[in-house]
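Student: dropping the sequence and predicted coords here.
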Amino acid sequence: MALILSILLGLLVWAAPHEVAAATQASAVPCGACHADVETGRHPHFQAGADAEEGAGACVSCHVDAEGHPGAGDIMTFAAEGAAERSAVCASCHQEQHAGTGLAEHGRADVACSDCHRVHGAPTAQPAPAGFESVDRASATCVGCHEDVFVQFAFNERHRLAEGAVACTSCHDPHQLDGGRDAGLGAFGQGSCADCHADAAGPFVFEHAASRVEGCVACHEPHGSPNRHLLTHQQEGELCYSCHAMVPQFHTGFGPGGPPRFGADTVCTACHASIHGSNFDRNFLR
């Protein structure tokens, strides 16, 4: 009997470390053994973790709380979690590049990093809409949520996104915090416009107040417009009068009952030529 107990005890002592080793080996088995549908080999995430001590190191770097998997209910799946929780995992490595992404416009709209970035397999573009086959991969991703904006690029007056001359990220930084230079195109966010349109950005001795309050979008549609120069109104005078309702008397007529000299169809820039700003005249005259 004592001999049998000794043998059993020896087997348990021998089996214990082997069970631990087997469990460790199971955790080190490439996740593809079960998740064959997930492509990893060519993805930068997998390559960065391929030299980890465990073979699954690259996967568990993101899919945290994987102890006891399969069967664990709290493993990070990137499917059931909220946007903030998913982005927090990405920020653990990418904090330096995209600090505070969760506070940016996308983050506040409950958009997570994984909603835009592909985390498995080789980075590939989603199919671009018809007529936009030349857009870059980032812009093709943007159309998934911003279809209303892409419609504007079909106008006769537009920024040349469809031709591949510009990309969405040429003007917008999707990770930028609120108030940043590229957070939007209004007010001081018009710095994005100045990268290409430096001649209209100033600084000027006499500045057009609208450009400092609302930015370029006070007068221009940044994506596309049916109006020349991407203006928000078809008639130039109508655009100017939308802000400048109070004008000198001679604009409306020399007498209180006389016909107006200028109206909504007036080309105001025939006289106010330096409409973006001037270093010589406060009324932007020639």
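Tutor: Looks like it came in fine.

Student: let me see the ranges of the helices in this protein.
Tutor: Along the chain, the segments classed as helices by DSSP state H run 2-28, 44-49, 57-60, 83-94, 105-108, 113-116, 137-142, 147-152, 168-171, 191-194, 198-201, 209-213, 236-241, 249-252.

Student: how many neighbouring residues does C216 have?
Tutor: Neighbour count for C216, taken as other C-beta atoms under 10 Å: 23. The C-beta positions use only the backbone N, C-alpha and C, and glycine is treated the same way.

Student: one step back: comparing the helices of the chain, which yields the minimum mean pLDDT?
Tutor: Looking at the helices of the chain, the lowest mean pLDDT belongs to helix 2-28 (a mean of 40).

Student: where does pLDDT dip in the stretch 101-250 of the chain?
Tutor: 101-104, 121-129, 131, 177-189 (pLDDT under 70).

Student: and the gap between C196 and Y241?
Tutor: 29 Å (C-beta to C-beta, to the nearest Å).

Student: who has more neighbours, these two?
Tutor: For C196 versus Y241, neighbours defined as other C-beta under 10 Å are more numerous around Y241 (18 against 13).

Student: can I get stretch 240-260 in PDB? Just the C-alpha atoms.
Tutor: Extracted C-alpha coordinates of stretch 240-260, given in PDB (Å, rounded to 0.1, in the frame of the first residue of the first chain):
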ATOM      1  CA  CYS A 240     -21.200  90.200 -48.800                       C
ATOM      2  CA  TYR A 241     -24.600  91.600 -47.800                       C
ATOM      3  CA  SER A 242     -25.200  88.600 -45.600                       C
ATOM      4  CA  CYS A 243     -22.700  90.200 -43.200                       C
ATOM      5  CA  HIS A 244     -22.600  93.800 -44.300                       C
ATOM      6  CA  ALA A 245     -26.200  94.800 -44.100                       C
ATOM      7  CA  MET A 246     -25.200  98.300 -42.900                       C
ATOM      8  CA  VAL A 247     -23.400 100.000 -45.800                       C
ATOM      9  CA  PRO A 248     -22.700 103.700 -46.700                       C
ATOM     10  CA  GLN A 249     -25.700 105.600 -48.200                       C
ATOM     11  CA  PHE A 250     -24.200 105.800 -51.700                       C
ATOM     12  CA  HIS A 251     -24.300 102.000 -51.900                       C
ATOM     13  CA  THR A 252     -28.100 102.000 -51.600                       C
ATOM     14  CA  GLY A 253     -28.700 105.200 -53.600                       C
ATOM     15  CA  PHE A 254     -27.900 108.900 -53.500                       C
ATOM     16  CA  GLY A 255     -31.400 109.700 -52.200                       C
ATOM     17  CA  PRO A 256     -33.600 108.000 -49.600                       C
ATOM     18  CA  GLY A 257     -36.200 107.300 -52.300                       C
ATOM     19  CA  GLY A 258     -33.800 106.700 -55.200                       C
ATOM     20  CA  PRO A 259     -33.000 103.300 -56.800                       C
ATOM     21  CA  PRO A 260     -30.100 101.400 -55.100                       C
END
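
Student: how is the chain carved up into domains?
Tutor: 42-66+75-121, 125-171, 172-278 (automatic domain parsing).

Student: got the ones you listed as TSV, with distance to C31 columns?
Tutor: Below are these laid out as TSV (distance: least, C-beta to C-beta, whole Å):
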stretch	distance to C31
domain 42-66+75-121	5
domain 125-171	24
domain 172-278	28
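
Student: which residues touch stretch 243-250?
Tutor: Residues outside stretch 243-250 that contact it (C-beta atoms under 8 Å, 6 or more residues apart in numbering): A210, A218, Y241, R261, F262.

Student: for stretch 216-235, same thing?
Tutor: Residues outside stretch 216-235 that contact it (C-beta under 8 Å, 6+ apart) are 149, 152-159, 161, 171, 185-186, 190, 193, 197, 200, 210-211, 239, 242-243, 264-265.

Student: please consider this matter closed, and thank you.
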